[in-house]
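Chemist: sharing a model that was predicted from the sequence below.
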Amino acid sequence: MWRQVAATARRVLLQLAHDRRTSGLLLVVPSVLMTLVRYAFTGQRAVFEGVGPMLLALFPFTVMFVVASVAMLRERSNGTLERLLAGPAGKGGLLAGYALAFGAATLLQVGVVLAVSLWGLSLKVGGSLWLVVLFALLDAWLGMALGLLLSAFARTEFQAVQFLPAFVLPQFLLCGLLVPRDQMAGALRLLSDFLPLSYAVDGVSRVAASGALTGALWTDLVVVAACIPVALALGALTLQRKGE
Amino acid sequence: MENLIQVEGLTVERGGKRVLEGVTFAVPAGSLTGLIGPSGSGKTTVMRAVAGLQRHVDGLVRVAGFEAGSRAAREVVGYQPQRPAVYLDLTVRQNISYFAAMIGVDSAGVSEAIERVSLGAQAAERVERLSGGQVARVSLAIALLGSPQVLLLDEPTVGLDPVLRDELWRLFASLASLGTALVVSSHVMDEAERCERLLLLRDGRLLADAAPGTLKAETSTQDLDSAFLSLIRQGRP
Ligand SMILES: Nc1ncnc2c1ncn2[C@@H]1O[C@H](COP(=O)(O)OP(=O)(O)OP(=O)(O)O)[C@@H](O)[C@H]1O
Ligand SMILES: [Mg+2]
């Protein structure tokens, strides 16, 4: 099992290394977007300070969601997934290998976007830097885990890419970025309580505001952290050995 | 002799259509069996059912005594799908090494598989830069990894020149002589001649199960092409 996890992680990283454009985009897109936001709000520092931390959660989440879901889909459509499952390989080990590889790529990605935001763009965070790092990482991992899970429901790459507007954008709208969640209509507020991204965004904004490890912050942390293994486990369950 | 593959009354539905109906055959250890039949007759579906990859399967399919697709059966089977299932963005060696690691084969086994399909000179080349026949051989090398007891090869020689085809058929025969049970599908009749035994499928039914010589004698024909035409015409309702 562990040998399979390590071999798969290594293989996925090799593929990333061979695909310079994808790995380049993966590393710099969140940072470029942060820079755009910073200068879009030039002269309105307060707005940037307000939304900046939430975007630290959102951008890596989105990029990892798309990269992970398309990578898994490609594995299925080129027949290699079926071939792996025809042998003794386990589904869990395969998915864990993917998570390990993309999880490692995320470390770099989040490192770059944090460095650019905190030092390059002088984004101020009230709370502990380590909590910001932790939340940004967890959020990116969450995006990756949900991407691996959702890819099971896409038959083609067109469908996988459509999950971005269909699955990620609603979470964007309801996560508190546009309207604070406590000012939303009751039903939407309730719905947003069931979306993992809400906790991810809540968490970073709480850390940025004060950083005290309050109960609410713990809730955010635990919910986001728990959603990652749950999504991965569900993702492993949805991998089908037998096909039509 | 011990039967490594045992198929009884195999019936399969694909896309709501019955594509295999009551197929029964057995394959002993140390044998080379050809699976032939017109396009769409169900050759790939038979292989998928034995590999445990096919849904909506009725009947009995056992590999080395285990239910097809079970963990124990998957340990025993090497399967080369009809469409090459490899990573185009990795090199030949990286592809084969990865699949080897997944089934616990060491790097000596990887080099051996590369040699067997004569891809030594291309080992460091990315698969997307290879010709169609070379890609097919990468896919074959993966199926050969770990010398599985049962080999299911779905049209392994398509797109290869006569010299390479001859080499591969020699390889298949030598694997059979060492005890492997091979099932090889093919469209080409001069390849079918090289099998000890042929399974002829038509419209999802098994029309014949015999040695090439027997088929020719029974139909009083000189070559397999005519034998099959004759069988297929007889079998027509
Ligand atoms: N994914 C699928 N979904 C539904 N039906 C399928 C699917 N794949 C194949 N079929 C049907 O199953 C039947 C048998 O197909 P199969 O691929 O087993 O034939 P084959 O003998 O391997 O043909 P070929 O020589 O062209 O490879 C065909 O009638 C085909 O239409
Ligand atoms: Mg076929």
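Modeler: Structure received. Numbers count the residues shown, from 1 in each chain, chains lettered A, B, ... in the order given. Ligands and ions are numbered 1, 2, ... in the order given.
Chemist: does the residue nearest the centre of chain B count as helix, strand or coil?
Modeler: A centroid search over chain B (CA atoms, centre = their mean) returns B:Leu153, at 2.2 Å, as the residue closest to the centre. Three-state call for B:Leu153 (DSSP: H, G, I helix; E, B strand; the rest coil): strand.
Chemist: that one contacts B:Val183, correct?
Modeler: Yes. Counting by CB atoms under 8 Å, B:Leu153 touches B:Val183, with 7.2 Å between them. For the C-beta atoms, the positions are set from N, CA and C on the backbone; glycine is no exception.
Chemist: what sits against B:Leu119?
Modeler: By CB atoms under 8 Å, 6 or more residues apart in numbering or on different chains, B:Leu119 lies in contact with B:Val92, B:Gln134, B:Arg137, B:Val138, B:Ala141.
Chemist: for residue 79, give me its contacts.
Modeler: Picked chain A for this. A:Gly79 touches B:Pro81, B:Arg83, B:Pro84, B:Ala85, counting by CB under 8 Å, 6+ apart.
Chemist: my question was about chain B, not that one.
Modeler: Contacts of B:Tyr79 (CB under 8 Å, 6+ apart): A:Arg83, A:Ala86, A:Gly87, B:Met47, B:Ala51, B:Leu53, B:Ala143, B:Leu151, B:Leu152, B:Asp154.
Chemist: at 7 Å instead, please
Modeler: If you count contacts by CB atoms under 7 Å, 6 or more residues apart in numbering or on different chains, B:Tyr79 has them with A:Ala86, B:Met47, B:Ala51, B:Ala143, B:Leu152.
Chemist: how about B:Val76?
Modeler: By CB under 7 Å, 6+ apart, the neighbours of B:Val76 are B:Val63, B:Ala64, B:Pro148, B:Gln149, B:Val150.
Chemist: the same query, at a cut-off of 10 Å, please.
Modeler: A:Pro88, B:Leu4, B:Ile5, B:Val63, B:Ala64, B:Gly65, B:Phe66, B:Pro148, B:Gln149, B:Val150, B:Ala181 (CB atoms under 10 Å, 6 or more residues apart in numbering or on different chains).
Chemist: list the beta-bridge partners for the residue nearest to the centre of chain B.
Modeler: B:Gln80, B:Val184 (DSSP bridges).
Chemist: that one and ligand 1, how far apart?
Modeler: As judged by CB to the nearest ligand atom, to the nearest Å, B:Leu153 and ligand 1 stand 12 Å apart.
Chemist: let me know whether A:Leu107 touches A:Leu138 as I believe.
Modeler: No. With contact defined as CB atoms under 10 Å, A:Leu107 does not count as touching A:Leu138 (12.0 Å).
Chemist: higher neighbour count, those two?
Modeler: Neighbour count, other CB atoms under 10 Å in any protein chain shown: between A:Leu107 and A:Leu138, A:Leu138 has more, with 25 against 13.
Chemist: and the closest residue to the more buried one other than its chain neighbours, how many neighbours does it have?
Modeler: The shortest distance from A:Leu138 to any non-neighbouring residue, by CB to CB, 6 or more residues apart in numbering or on different chains, is to A:Val224 (4.8 Å). A:Val224 is flanked by 25 other residues according to other CB under 10 Å.
Chemist: A:Val224 contacts A:Trp218, correct?
Modeler: No. Between A:Val224 and A:Trp218 there is no contact under CB under 10 Å: 11.0 Å.
Chemist: between those two, which contacts overlap?
Modeler: By CB under 10 Å, 6+ apart, the residues touching both A:Val224 and A:Trp218 are A:Gly203.
Chemist: how close does the closest residue to A:Leu56 other than its chain neighbours sit to chain B?
Modeler: Distance criterion CB to CB, 6+ apart; nearest residue to A:Leu56, sequence neighbours excluded, is A:Ala136 at 5.2 Å. From A:Ala136 across to chain B, the span is 29 Å (CB to the nearest CB, to the nearest Å).
Chemist: go on, A:Leu26?
Modeler: 15 Å.
Chemist: what residues go with each domain of chain B?
Modeler: Taking automatic domain parsing as the reference, chain B has its domains at B:1-76+B:149-159+B:181-237, B:82-147.
Chemist: ranking the ones you listed by mean pLDDT, which is last?
Modeler: Among the domains of chain B, domain B:1-76+B:149-159+B:181-237 has the lowest mean pLDDT, at a mean of 92.
Chemist: do that one and ligand 2 come into contact?
Modeler: Yes. Using CB under 5 Å from the ion, domain B:1-76+B:149-159+B:181-237 reaches ligand 2 at B:Lys43, B:Thr44.
Chemist: next one: that domain to chain centre, how far?
Modeler: Relative to its chain's centre, domain B:1-76+B:149-159+B:181-237 lies at 9 Å (CA atoms, centre = their mean, to the nearest Å).
Chemist: got the contact list for B:Gly78?
Modeler: Applying CB under 10 Å, 6+ apart, the residues contacting B:Gly78 are A:86-87, B:51, B:103, B:140, B:142-153, B:175, B:180, B:182.
Chemist: now it: phi and psi?
Modeler: B:Gly78 has phi and psi values of phi -110, psi 130 when expressed as degrees, to the nearest 10.
Chemist: what do you get for B:Asp106?
Modeler: phi -80, psi -180.
Chemist: also B:Thr24?
Modeler: The phi/psi pair for B:Thr24 (degrees, to the nearest 10) is phi -130, psi 130.
Chemist: how many neighbouring residues does it have?
Modeler: Considering only other CB under 10 Å, B:Thr24 is surrounded by 13 other residues.
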